[in-house]
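Colleague: quick one: sequence and predicted model below, then my questions.
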Amino acid sequence: MRATAFSACVLIISLLEQVSGNKAIVGKYGETVEVPCDKGNIKIEDIVIVKWKYTKDGSNVDLLTKSQTQNASSSQIAEYKGRLVLTQDLSLQISQAKMTDQRTFTCMVVAGADILEFPVDVSIEKAPSPPVITNQAKVIELNKLTMLAECASKDANPAADVTWLKDNVPLVVDGKVVITPNVQKDKDTGLTTTSSKLEYAASKADMNSKFTCAVKHKSLASDLVSAPMTFVVNYPSETVDLQVVSALPIKEGDSVTLKCVADGNPPPTSYNFYIKGKKVTIENSDSYTFPNVTRADSGEYKCSLVDDEAKADSASFSVMYLDITNATKGKIAKRLAESFEPTLDVNAPEPAQVSWTKNNMKLSSKPRFDKLKYSDSGVYECVVTMNEIVKKASFELSVQGAPIITTLTKKASNGGKLLSCKAEGSPKPIVQWSINGSNASESSFVNGLITYNLTVIPTGNLTINCTVSNELGTYTKSIDISTLMDDSSVEKRAEQPEDSKGQTQVAVGVVIGLIVAAVALGLAYWVYMKRTREGSWKTGEKENGTVEESKKLEETQSQKAEV
């Protein structure tokens, strides 16, 4: 009777558990899974027996049993040998979880007269491996449905989902996209491999597109994505573009390349170039080069496909040039006070800028001279620019004239006289002094001016000539110098010390006395001559007398003066 009641109780509890639903847990493949024993309000010390079991082919299979008086003992089931552990709270630990562990485990507890069962549904998850792309196509044709690649992700549970993306956007199956998925389970491990084939009809825009496959799985925090792949799409050329390859502006002497570009893939290897009306076929290249263009190369050019000349394009370019003609160049000799204006003609397709310099100093305008001066001599350069083209022309102007002496001066110097002869002329005058001297020197010859210096020691009253000359003429100027009173002696006297002034005054007095005596003697002689002439003339004779009388009178007077 008691046994019948116990069986009924167990049946009722089992039915209640089934109605209410089993507890479910998820374990990780290859890791330890702990299956809890939900004992309700039953205390562990009240439990007489605990048993773990599962159902296989409709029969119960005992895994592990423990009583109050005996330690836990495991059944000799090969697949669980060494993998089971009973914890202190009666949970079942299963190490190295496998797909075969994905079942319902039941914890049966006997406490007094009560027998309770607690079933737990265990599922095992396995994250898939990263996706691998195989069977990738290298070249595909335009708008033709072609199998591009196959993507696979292995060893997952549950099975993974594989999706295809183009430039990170999921592909949608349509007439251009065909996706064929496939799922296979490994009979040994129970894990699944998911693969997917992609067929695609490419367009020209897909030449640079990046295709990837992504794997989605419930155990993954984010999708696994393959490395991107690209494809070569072959298609015939439909358009041709002619490009002018050169830095702008194009100048004479530059290298200019015409490049013919077609949109086909692979691109053509040969092109026709039409150069000044002549067709030139270039093999294994898309370019035609002018190594050294001139203004005559300006114009329109054309290129086309070799096998389809109707597919062509044209382009033009202009060659910039700059000419300086009729320019004053070289060495130019002009006379002083002459008028002069250099010539310069510019030939260019656009306005040019002209600047002038003299001896590397910028001028405000083009040089023009109504009356040339020596200071106008120099090196003149004009710089003409237009669109980064630069041309230069230069000339050296020499203003020439016969030399003249502007000043000739003297001053005391080291017991002598320092003579300075300042001359003007071009070419550079050379100097010649009429006396030898020392310390001869000359200044720099600048703007037609030069100064020559000479030191002389006079021994008496002298007249010294300074003569300057060049190939155009000669000029002489004189100056008097003396050892007596002159500007130099005055200057020298002013510089004498106080104790020598008396001696100087005495010397001056002697000189003045001599001068007065000479004047008196001359006056007496004049009076004497006058009286003598008056006594020899007769009344009624000519005032001046005869020539013979005059000569005789002069001889007589001369003899008297000597006595």
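Modeller: The structure has been received and is ready for your questions.

Colleague: any idea of the mean pLDDT for stretch 367-384?
Modeller: For stretch 367-384, mean pLDDT is 96.

Colleague: got the CA coordinates for it in PDB?
Modeller: Extracted in PDB, the C-alpha atoms of stretch 367-384 (Å, rounded to 0.1, in the frame of the first residue of the first chain):
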ATOM      1  CA  PRO A 367      66.600 104.800 -70.300                       C
ATOM      2  CA  ARG A 368      66.500 107.800 -72.600                       C
ATOM      3  CA  PHE A 369      69.200 110.600 -72.800                       C
ATOM      4  CA  ASP A 370      68.800 114.000 -74.300                       C
ATOM      5  CA  LYS A 371      72.400 115.100 -73.300                       C
ATOM      6  CA  LEU A 372      74.700 112.300 -72.200                       C
ATOM      7  CA  LYS A 373      76.900 112.800 -69.100                       C
ATOM      8  CA  TYR A 374      79.900 110.800 -68.100                       C
ATOM      9  CA  SER A 375      77.800 109.400 -65.200                       C
ATOM     10  CA  ASP A 376      75.400 107.800 -67.700                       C
ATOM     11  CA  SER A 377      78.100 105.200 -68.500                       C
ATOM     12  CA  GLY A 378      77.400 101.700 -67.200                       C
ATOM     13  CA  VAL A 379      75.900  98.300 -67.900                       C
ATOM     14  CA  TYR A 380      72.200  98.400 -68.800                       C
ATOM     15  CA  GLU A 381      70.000  95.300 -68.800                       C
ATOM     16  CA  CYS A 382      66.400  94.800 -69.700                       C
ATOM     17  CA  VAL A 383      64.400  91.900 -68.400                       C
ATOM     18  CA  VAL A 384      61.200  90.900 -70.400                       C
END
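
Colleague: now it: buried residues?
Modeller: Neighbour counts over stretch 367-384 (16 or more other C-beta atoms under 10 Å) mark Pro367, Phe369, Leu372, Tyr374, Asp376, Ser377, Gly378, Tyr380, Glu381, Cys382, Val384 as buried. (C-beta placed from N, C-alpha, C; glycine too.)

Colleague: what's the closest of those residues to Ser95?
Modeller: The closest of those to Ser95 turns out to be Val384 (C-beta to C-beta; 94.6 Å).

Colleague: contact partners for the closest one?
Modeller: Applying C-beta atoms under 8 Å, 6 or more residues apart in numbering, we find Val384 in contact with Leu322, Ile324, Val346, Ala352, Gln353, Val354, Val390, Lys391, Lys392, Ala393.

Colleague: name the residues of the helix or strand Glu117 falls within that are buried.
Modeller: Element membership for Glu117 (DSSP states H and E) is strand 114-125. Buried residues in strand 114-125, counted by 16+ other C-beta under 10 Å: Ile115, Leu116, Phe118, Pro119, Val120, Val122, Ile124, Glu125.

Colleague: rewinding a little: farthest pair in the contacts of Val384?
Modeller: Once C-beta to C-beta is applied, these give Gln353 and Ala393 as the farthest pair, at 14.3 Å.

Colleague: out of the buried residues of stretch 367-384, which are inside strands?
Modeller: Counting by DSSP state E, the buried residues of stretch 367-384 place Gly378, Tyr380, Glu381, Cys382, Val384 in strands.

Colleague: from Glu442, how far off is the first one?
Modeller: It refers to Gly378. Applying C-beta to C-beta, to the nearest Å, the value for Gly378 to Glu442 is 21 Å.

Colleague: can you pull out the strands in the stretch 401-550 of the chain?
Modeller: Residue ranges of the strands in the stretch 401-550 of the chain, as given by DSSP state E, counting those that start in this stretch, are 416-426, 430-433, 438-442, 449-456, 462-470, 473-481.

Colleague: so what strands line up beside the host helix or strand of Met108?
Modeller: For Met108, the host element (DSSP H and E) is strand 104-111. Pairing partners of strand 104-111, with direction, according to DSSP bridges: strand 49-56 (antiparallel), strand 114-125 (antiparallel).

Colleague: show residues contacting it.
Modeller: By C-beta under 8 Å, 6+ apart, strand 104-111 touches 22, 35-39, 42, 46-55, 63, 90, 92, 115-122.

Colleague: just the buried ones from these?
Modeller: 35-39, 42, 47, 50-54, 63, 90, 92, 115-116, 118-120, 122.

Colleague: need the per-residue pLDDT for the residue lying closest to Ser246 once chain neighbours are set aside.
Modeller: In space, and not counting its chain neighbours, Ser246 is closest to Val256: 4.4 Å by C-beta to C-beta, 6 or more residues apart in numbering. The model reports Val256 with a pLDDT of 96.

Colleague: count of residues packed around Val256?
Modeller: By the criterion of other C-beta atoms under 10 Å, Val256 has 19 neighbours.

Colleague: equivalent analysis for Asn461, please.
Modeller: Residues contacting Asn461 under the criterion other C-beta under 10 Å number 11.

Colleague: so how far is Gln184 from it?
Modeller: 140 Å.

Colleague: now do the same contact list for Leu191.
Modeller: Per C-beta under 8 Å, 6+ apart, neighbours of Leu191: Tyr29, Met99, Lys126, Lys154, Asp155, Ala156, Asn157, Lys185.

Colleague: so which of those comes closest to Ala202?
Modeller: Lys154 (28.7 Å).

Colleague: wait, that closest one touches Pro130, no?
Modeller: No. Under the criterion of C-beta atoms under 8 Å, Lys154 makes no contact with Pro130, lying 9.3 Å away.

Colleague: what residues of the strand holding Met108 count as buried?
Modeller: Under 16+ other C-beta under 10 Å, the buried positions of strand 104-111 are Phe105, Thr106, Cys107, Met108, Val109, Val110, Ala111.

Colleague: then that strand to CSV, C-alphas only?
Modeller: The C-alpha coordinates for strand 104-111 follow below in CSV (Å, rounded to 0.1, in the frame of the first residue of the first chain):
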residue,chain,number,x,y,z
THR,A,104,18.1,16.5,-20.4
PHE,A,105,19.7,15.5,-17.1
THR,A,106,17.6,14.7,-14.1
CYS,A,107,18.5,15.1,-10.4
MET,A,108,16.5,12.6,-8.3
VAL,A,109,16.4,13.3,-4.5
VAL,A,110,15.2,11.0,-1.8
ALA,A,111,14.4,12.7,1.5
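
Colleague: adjust the sequence numbering to begin at 396 for everything that follows.
Modeller: Sure thing, new numbering starts at 396, so read that last one as strand 499-506.

Colleague: roughly how far is that strand from the heart of the chain?
Modeller: In this view, strand 499-506 has its centroid 83 Å away from the chain centroid, taken as C-alpha atoms, centre = their mean, to the nearest Å.

Colleague: same check on stretch 611-622?
Modeller: 47 Å.

Colleague: quick one: end-to-end distance for that stretch.
Modeller: In stretch 611-622, first residue to last residue: 16 Å (C-alpha to C-alpha, to the nearest Å).

Colleague: what mean pLDDT does it have?
Modeller: 91.

Colleague: picking that back up, export the strands of the stretch 796-945 of the chain as TSV, with columns for mean pLDDT and distance to Thr625.
Modeller: Output for the strands of the stretch 796-945 of the chain, formatted as TSV (pLDDT from 0 to 100; distance: least, C-beta to C-beta, whole Å):
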stretch	mean pLDDT	distance to Thr625
strand 811-821	94	81
strand 825-828	95	89
strand 833-837	92	86
strand 844-851	95	83
strand 857-865	95	87
strand 868-876	95	92
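
Colleague: closest to Pro631 out of those strands?
Modeller: Between the strands of the stretch 796-945 of the chain, strand 811-821 lies closest to Pro631; by C-beta to C-beta that is 80.7 Å.

Colleague: tell me the helices and strands packed up against that closest one.
Modeller: Applying 3 or more C-beta pairs under 8 Å, 6 or more residues apart in numbering; DSSP states H and E, one finds that strand 811-821 contacts strand 784-808, strand 825-828, strand 844-851, strand 857-865, strand 868-876.
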